[in-house]
Structure formats: C-alpha cells, structure tokens
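Trainee: Predicted model follows, preceded by the sequence.
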2 protein chains.
Amino acid sequence: MPADLDALPPGLAAAWGVVDVGGRRGPKPAHSVDEIVAVALELADEEGIAAASLPKVAARIGVTANALYRYVSSKEELVVLLADRAWGDPPKLPDTDWRAAAELWAHTLFDHFLSRPWLLDVPATVPLTPHNAAWLDALITVLRPTGLPGPEMLNCAYLLDSHARYGAGLRRNMPTPASLRRTNPDHQRATDAVRTFLNSQLRTRNLNAVADVVQDPMFLADEPSLDGFDFGLARILDGIEAHIRKRSA
Amino acid sequence: MPADLDALPPGLAAAWGVVDVGGRRGPKPAHSVDEIVAVALELADEEGIAAASLPKVAARIGVTANALYRYVSSKEELVVLLADRAWGDPPKLPDTDWRAAAELWAHTLFDHFLSRPWLLDVPATVPLTPHNAAWLDALITVLRPTGLPGPEMLNCAYLLDSHARYGAGLRRNMPTPASLRRTNPDHQRATDAVRTFLNSQLRTRNLNAVADVVQDPMFLADEPSLDGFDFGLARILDGIEAHIRKRSA
DNA sequence: TTGGTACTGTGCAAGCCATGAACACTTCAT
DNA sequence: ATGAAGTGTTCATGGCTTGCACAGTACCAA
C-alpha cells in the first residue's frame, strides 16, 4: 500500500529516496539531488547553515538558483536532506554492556554536534530521516536486552539526544577561553567583559545564587561544558540504571 | 568599574537595561524600546518568531522599519530582548523539598515552552538575560541546601532546562492526534501517512529496532511527550538524588 | 530671544533571500 | 518525425536587514 506521499511533511519522502521517476523524457539532468546536497553540506560546514542558501549552492554548482527547484521542491526540503546527510552513520556500539554503549553513543553524538555546530540550528521538523533513524536504531538495539518497553527506550534515547544536543549548544555559544585564545585573542576581552558585567548586574538585582555560581572559577573555565556533559550524562545513566533495576526486581 | 559595554554580545547590555542615555535633546521619542518589544512579543505569539520582523513590528506601531533602529541597534538585539521578555517570571518554589521544587520548576518551564513554542526557535546566543537569570536563580536557590558545589548545581539546571526544552520541541514538532483533530481534521491523514510510510521504510532498511518502537501504539498516541517528559524527568531527578546521597555519605 | 546641536522619523536605496511564470531547448516515445 | 515531457534560463515579485542622507523637532547656551 503506497501511502499518500502528498500528506507527508516536506522532505520526508525525498530523504528516504522515494522519488516518482516519471518517464525518462527530456534532457538528462546535468546535476543530481545528491550533488546539490553535497555542495550544500560543504557550504554549511564552511560558513554555517546560512551559507547553504539556494543562490550560493547554485552558484557553486554553476547554475542559477531557480534551476535547483527542478531537483528540490523547496528550501525546506533541501534543509531536511542536508541535515540527514550531516548526521552521517552512527558509531558501532558494543553489544555487551548497554551502559557503556549508551555512553559511547552520547559522546559520539556530542562530538558530532561539535564538529557540525550548524546542525543545532536546523529546525527539526521532520521526525525520522534515514541516518537519523540509523542512530536511533543503533541505540535502541543495545537497550533492548535491558527489557525496557519500547516507549521507555524511546524516552531514554530522547534523554541522551537532548543532553548531547544541549551540551554542544552550550559549548558553541559559550566558547571556552582556550578556544577564544586560539581564534581571536581579543575575544579574551569579551569573556572578561561578560563575566564582570554579569556579576555586577546579578548582584544589583539580588540574584545572588546565580551570581555565586557564575563567580565560581569553574564557570567559563577551560572545557567546562565537557565536564558538564559528563556530569549530566552520568546522572542520566544512573537514573536509567536504577529504573532498570527497579523493574527487574 | 564600568565594564566596557562594547565588548559584550549584542543585546546583553540592552537586556539588562543598561542604556547610555545621551543628553535629552531633540524631539521626544514617540515610542520606546519597551513598546517595541511588547509589540514584537504580540506578533511572535500570534504568528511565530518569523512574524516579529522589523517591518511588521514597525507597521503595527505605525512607523517605518528604519525608525526602529533608533531604539534597537540590530535585529539580533531585538530578538534578545524579545526572548527575555518572553521568559517571564519564574514560579515560586517551595523551599523545603528540593526535589519537588525542581520538578515543579521543570514542569512550569515545559508548559511555558508549550505556550510559547517560538521561544524554542530563538538561537540562544546570549548567556544570561534578566528573566532567564531569574529562572536559574530560583532553581539554584532551592538546590543550595543539597550541598552540591556550584558548578554541579549549574549542571543540574542545564539538565532540567534541556529536558524541558527538548520535550516541548518534540511535542511541537510531532503533534498529538488530539491536537491535530482539534485544529485541522485533515491532519489526521498526515499522521497516518507518516506512520505507515515510516514503518515501511524502516522495515525495508532493516532498522527493525526503531520500527518496532514506532509501531508501538504508544507512539504518536495522545499526549505521548508529556508521558515521555515525566519519565525522563523522573530519571534525571533519580540520578541527581543518588548523586547527592553518595556525596553526603 | 536666538542660534546651534543633538536627536527623531522618513525616503531612498542596496543587497540579500525564496519563489513563481514564461520561454527556449533537449531528449525520448510513439 | 512529431509532440510531449523535462531542463535550465531569464525576468519578475515581494520579503527581509541595514546603511545613508535629509527634514524636522526640541532642548541648551549665549
């Protein structure tokens, strides 16, 4: 039963490679969806998601922007395809220890988001695209032996995904002094400015609990969000482990 | 010591109300930053973040888009101000039981994101704005009696924030059949289409673990992500609680 | 009182962007 | 070979952010 493709959100069918190849009439396409998405990925990796605009992609291919609409029905669809390709393949996970596997999965995802920060900017409107689904499949496969029911495994996956995503976002938006020094030494000034500014503002507004925490030398320290990531990940895994033990008891 | 405001990310100083009021010369401003942000908030609530564009805000105020630049230095700054106002005030939390308080905090935040879905779309480039900081302060205040060190409290806050954010995002992007029925009965067709399409695609690609889970009647059931939210929240709080107990032992 | 000056909102404009319509051209099916 | 289908082009529209020059307004100082 071929589901009605028109009812699907834009890009879903395309992402799964479901194309309605009409008769092979007319001139052969000089390009392909794959090429277009690959070029868009290049641009996004180089200059962020905003650089993956239709004109820029078209220019790099050597074609006008409108020509792309022969391959892709909208910008939104292109973004969906782009995001899916950017997910890439999930890591191979050990199938003996679910906890070690989940930890590896989350860490790999975290690193992945760090190396493709713009991936955090794409609005996740479409639920499951192939690579996306492959990541999820890898995780759920190792979670299965725990005996958790399906929806709970799904929720665990959400937990880990959201943690990786959020941690990477923090790292990106609040760069470490180390990364700042590497890129632009003047950004050191920005970091200092932010810290002293926030401290004074927080104090005068009596937000002392936050001010104390922000004042802590760990805040804005080197690699803080990796520490934070590991801390949170450990809590999450502890929570899941306790739940599993409780269930099997 | 007045920190150098120029080094701050755009909108930070403005968000904290630090304005360099020059001499009160020239015509009195017919409008105010506050009014502009309020109008932008109206528009965002009505039609999403994209509707809060300078031309639209200006039109509603009765002014040209360029006039807004007398009050706001860039679109980005407007967005920061808008987001901060949209955060609103944090809930009052009971100061007796940290776990109950944290749970309430997370639930309130989750509901908040649901009622202002576009808040999930604003790129969080600026770390702490006043309302934002107030929320964080409320949570950290109740976390303090646990004896956790500052950075760990911060990490716990991140954990809860990210969970609320992600859960709300899921709910928004994958609406429940109930909400679909309420809005557009034809969307029921879309939901069915997505489910059957995904199922067939996942099977043919041997992503059976995911397919099984997606096939589960709980998936796409009424209010699924609220259940998912509570499940994940319980795991997180369990993990934090275990950590606290371990530390104090 | 008067002149200067700083600040306001406006018009005009440039330069992005996504997207639509008309059109010429190419290839295949009949 | 002729027509239909498909491809890439040009032209066009309307949206967006943002810069610059300008006219007007209100305050300050003389």
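Mentor: Looks like it came in fine.
Trainee: Using the three-state scheme, assign A:Thr96.
Mentor: Under the three-state scheme (DSSP: H, G, I helix; E, B strand; the rest coil), A:Thr96 adopts coil.
Trainee: now swap in the one 4 residues further on and tell me
Mentor: Counting by three-state DSSP, the backbone at A:Ala100 sits in helix.
Trainee: Surely it is in contact with A:His107?
Mentor: No - using C-beta atoms under 8 Å, A:Ala100 makes no contact with A:His107, being 10.6 Å away. Glycine gets a C-beta too; all of them are placed from N, C-alpha and C.
Trainee: which of these two has more neighbours?
Mentor: Ranked by neighbour count (other C-beta atoms under 10 Å in any protein chain shown), A:Ala100 and A:His107 place A:His107 first, with 17 against 13.
Trainee: where do the helices sit along chain A?
Mentor: Under the criterion DSSP state H, helices of chain A are mapped to A:12-15, A:33-47, A:54-61, A:75-87, A:98-115, A:130-143, A:150-173, A:177-183, A:187-204, A:208-215, A:224-248.
Trainee: Dump those helices into CSV; add distance to chain B as well.
Mentor: Putting the helices of chain A into CSV (distance: least, C-beta to the nearest C-beta, whole Å) gives the following:
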stretch, distance to chain B
helix A:12-15, 7
helix A:33-47, 15
helix A:54-61, 18
helix A:75-87, 12
helix A:98-115, 12
helix A:130-143, 4
helix A:150-173, 3
helix A:177-183, 12
helix A:187-204, 4
helix A:208-215, 4
helix A:224-248, 3
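Trainee: least reliable of those going by mean pLDDT?
Mentor: Note on the helices of chain A: helix A:177-183 shows the lowest mean pLDDT, a mean of 51.
Trainee: if we can go back for a sec, need the helices of chain A in CSV with distance to B:Glu241, can you?
Mentor: What follows is the helices of chain A, written out as CSV (distance: least, C-beta to C-beta, whole Å):
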stretch, distance to B:Glu241
helix A:12-15, 40
helix A:33-47, 41
helix A:54-61, 50
helix A:75-87, 34
helix A:98-115, 19
helix A:130-143, 23
helix A:150-173, 16
helix A:177-183, 33
helix A:187-204, 28
helix A:208-215, 20
helix A:224-248, 9
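Trainee: What's the local residue count around the residue nearest to A:Ile49 when sequence neighbours are not counted?
Mentor: For A:Ile49, the nearest residue in space outside its immediate sequence neighbours is A:Trp118; the separation is 4.0 Å by C-beta to C-beta, 6 or more residues apart in numbering or on different chains. Neighbour count of A:Trp118, defined by other C-beta under 10 Å: 21.
Trainee: How about A:Val194?
Mentor: 21.
Trainee: and the closest residue to it other than its chain neighbours, how many residues sit next to it?
Mentor: Distances taken as C-beta to C-beta, 6+ apart place B:Leu8 nearest to A:Val194, at 6.2 Å, with adjacent residues excluded. Using other C-beta under 10 Å, B:Leu8 is surrounded by 20 other residues.
Trainee: sorry, back to before: hmm, A:Leu41 and the residue nearest to A:Ile49 touching each other?
Mentor: No - using C-beta under 8 Å, A:Trp118 is not in contact with A:Leu41, being 10.0 Å away.
Trainee: Quick check: the closest residue to A:Ala211 other than its chain neighbours vs B:Trp16, distance?
Mentor: With sequence-adjacent residues excluded and distances taken as C-beta to C-beta, 6+ apart, A:Ala211 is closest to A:Leu202, at 3.8 Å. Distance of A:Leu202 to B:Trp16, given as C-beta to C-beta, to the nearest Å: 9 Å.
Trainee: quick one, which of these two is more surrounded?
Mentor: A:Leu202 (25 against 21).
Trainee: wait, doesn't that one sit right on A:Ala209?
Mentor: No - the pair A:Leu202 / A:Ala209 is not scored as a contact, 9.1 Å apart, by C-beta under 8 Å.
Trainee: Overlap in contacts, these two.
Mentor: B:Asp137 (C-beta atoms under 8 Å, 6 or more residues apart in numbering or on different chains).
Trainee: Quick one, which of the helices of chain A gets closest to B:Pro145.
Mentor: helix A:208-215 (11.3 Å; C-beta to C-beta).
Trainee: for that closest one, which positions count as buried?
Mentor: Applying a neighbour-count criterion of 16 or more other C-beta atoms under 10 Å in any protein chain shown, one finds A:Ala209, A:Val210, A:Ala211, A:Asp212, A:Val213, A:Val214 buried in helix A:208-215.
Trainee: In this structure the third one contacts A:Phe197, no?
Mentor: No - with contact defined as C-beta under 8 Å, A:Ala211 does not reach A:Phe197; the gap is 11.8 Å.
Trainee: Would you map out the domains in chain A?
Mentor: A:9-15+A:29-85, A:88-174+A:227-248, A:177-215 (automatic domain parsing).
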